[in-house]
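J.: starting from these lines, generate the structure:
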Amino acid sequence: MSRVVIGMSGGVDSSVAAYLLKKEGYEVIGVTMQIWQEEEACSVEENGGCCGLSAVEDARRVAAALDIPFYVMNFRKEFREHVINYFSEEYYSGHTPNPCIACNRYVKWEALLRKSLTLGADYLATGHYARVEKLASGRYALRRSSTLQKDQTYALYNLTQDQLSHTLMPVGAYSKDEIRAIAGKIGLKVADKPDSQDICFVPDGDYAGYLERETGRKAEEGNFVTADGRILGRHKGIIHYTVGQRKGLGLALGYPAFVVEIRPKTNEVVIGSYEESLTDTVRADRLNFMSVDNITSPVRAFAKVRYNHKGAWCTVERTGEDEITCHFEEPLRAVAPGQALVLYDGEYVMGGGTII
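T.: Here you go, the predicted model:
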């Protein structure tokens, strides 16, 4: 019997994943990652966040109902290093980070998988809406969820071949409604628990406020400028803005204004028109390939530049040792440095990188 450690967030998806794995005959061990930094400061989210104390209690109750062992493992150090510190450094560098991608790669699939293997587990499982498949080439790749509305492959594009070979994602073959129905049928109290929407360690969505409290660094005011340097007004500090942003600028220019660039060296936020916010060329580095082992000649692919982007067609070419450039067939808006560029070959993740 194969042993699998299931990361349990206290939500309906990971809870049903644990049930499905046990039903398939796996020896299932439930684990919740302790990643919050101070217990007394942790907010107990009402809406199903994955880092609060409420998540532990929900997961513990589900594990008891399923009659599987349950443990809480401390990954505070890894979470601070790879997620919180990264999140802060990226924002102060004028980038728009994606902490969930960093958490998936370096905490869940690096630290938790490594710990799971030392416990004799064969696999790590999660409740993500994605599917892991071994291709005819011998490579492992993520396949998009059977329901694209819930597909989570974008946030998992940088998992390694070794990590994928030890990964199970049983809910990827189901719709959210089907998962909730299964939970209700087997009597799990989390069947109707709402999904968490915000970054788990910033539940109020005030990123700038969190960054100032976390780092002790007050964001310095600076100038809103046009691309050619003309001053338009004053901004509150670059951590308050992201490329593509339109609301909350406090500028009355007589036309819709967008953030088109953030310049941390001069503490400037560049403002432009809708047309100036568009681009048809996107570069990315920190590459990870999945369904292919490399890109050596231009290839056409479907790409997403943010989680809720519907995707667009582009031609991808290798332009450096650790760099690709994508030429899109139609201009894109709100392409933010620091976000992920994820390439798809049909239903499979080809690979991706970090937008530069």
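
J.: element containing the closest residue to Leu253 other than its chain neighbours, please.
T.: Leaving aside its sequence neighbours, Leu253 sits nearest to Leu232 (CB to CB, 6 or more residues apart in numbering; 6.9 Å). Any C-beta I mention is one placed from the backbone N, CA and C, and that applies to glycine too. Assigning secondary structure by DSSP states H and E places Leu232 in strand 231-235.

J.: before we move on, back to that, isn't the residue nearest to Leu253 up against Leu249?
T.: No. Counting by CB atoms under 8 Å, Leu232 does not reach Leu249; the two are 9.3 Å apart.

J.: what about the two, which has more around it?
T.: Leu249 (20 against 17; other CB atoms under 10 Å).

J.: got a pLDDT number for the closest residue to that one other than its chain neighbours?
T.: Distance criterion CB to CB, 6+ apart; nearest residue to Leu249, sequence neighbours excluded, is Ala257 at 6.0 Å. Ala257 carries a pLDDT value of 95.

J.: for Cys100, same thing?
T.: 92.

J.: which SS state does the residue nearest to it when sequence neighbours are not counted fall under?
T.: Using CB to CB, 6+ apart and skipping the chain neighbours, the partner closest in space to Cys100 is Ala155 (5.1 Å). Under DSSP: H, G, I helix; E, B strand; the rest coil, Ala155 falls in the helix class.

J.: isn't Ala155 up against Lys304?
T.: No. If you go by CB under 8 Å, Ala155 and Lys304 don't touch, sitting 10.5 Å apart.

J.: who touches both of the two?
T.: Common neighbours of Ala155 and Lys304, using CB atoms under 8 Å, 6 or more residues apart in numbering, are Ala340.

J.: in which helix or strand does the closest residue to Phe70 other than its chain neighbours reside?
T.: In space, Phe70 comes closest to Ala63 once its chain neighbours are excluded; the distance is 3.5 Å by CB to CB, 6+ apart. Assigned by DSSP H and E, Ala63 belongs to helix 53-66.

J.: likewise Leu332?
T.: Assessed by DSSP H and E, Leu332 sits inside strand 323-333.

J.: list the contacts for Glu24?
T.: With CB under 8 Å, 6+ apart, Glu24 has these contacts: Pro170.

J.: and the pLDDT at it?
T.: Confidence score, pLDDT, at Glu24: 97.

J.: quickly note the distance from it to Val5.
T.: Distance from Glu24 to Val5, counting by CB to CB, to the nearest Å: 15 Å.

J.: what touches both of Leu232 and Leu249?
T.: Joint contacts of Leu232 and Leu249 (CB under 8 Å, 6+ apart) are 224, 271.

J.: quickly find the element holding Gly184.
T.: helix 176-185.

J.: show me what the helix or strand following that helix packs onto, helices and strands only.
T.: Downstream of helix 176-185, the next assigned helix or strand under DSSP H and E is helix 207-215. Contacts defined by 3 or more CB pairs under 8 Å, 6 or more residues apart in numbering; DSSP states H and E place helix 207-215 against helix 85-92.

J.: which SSE is immediately downstream of the helix it packs on?
T.: Using DSSP H and E, the helix or strand that follows helix 85-92 in sequence is helix 99-102.

J.: list the buried residues of the helix or strand of the chain with the lowest mean pLDDT.
T.: Counting by mean pLDDT, DSSP states H and E, the chain has its least confident helix or strand at helix 53-66, which shows a mean of 90. Within helix 53-66, the residues that qualify as buried are 54-56, 58-63, 65-66, counting by 16 or more other CB atoms under 10 Å.

J.: widest-spaced pair of the residues you listed?
T.: Maximum pairwise distance in those, criterion CB to CB, is 18.7 Å, between Ser54 and Leu66.

J.: I figured Tyr129 hits Leu156, correct?
T.: No. In this structure Tyr129 lies outside contact range of Leu156 using CB under 8 Å: 9.9 Å.

J.: what sits up against the following helix or strand past the least confident helix or strand of the chain?
T.: Going down the chain from helix 53-66, the next helix or strand is strand 70-74, by DSSP H and E. Strand 70-74 is contacted by residues 8, 29-34, 56, 59-60, 63-64, 112, 115 when judged by CB under 8 Å, 6+ apart.

J.: hmm, 7 Å instead?
T.: Strand 70-74 is contacted by residues 30-34, 56, 59-60, 63, 115 when judged by CB atoms under 7 Å, 6 or more residues apart in numbering.

J.: and of those, the nearest to Asp195?
T.: Nearest to Asp195 out of the contacts of strand 70-74 is Ala59 (CB to CB; 15.5 Å).

J.: need the contact list for the nearest residue to the closest one once chain neighbours are set aside.
T.: Of all residues not flanking Ala59 in the chain, Met8 sits nearest, at 3.9 Å (CB to CB, 6+ apart). Residues in contact with Met8 (CB under 7 Å, 6+ apart) are 14-15, 18, 30-32, 59, 62-63.

J.: before we move on, the earlier item: burial of the residue nearest to Leu249, as a residue count?
T.: Count around Ala257 with other CB under 10 Å applied: 21.

J.: same thing with Arg230?
T.: 10.

J.: please apply the same query to Gly94.
T.: 22.

J.: look up how far Ile238 lies from it.
T.: Following CB to CB, the distance that separates Gly94 from Ile238 is 6 Å.

J.: overlap of the contact sets of the two?
T.: Jointly contacting Gly94 and Ile238 under the rule CB under 7 Å, 6+ apart are 262, 264.
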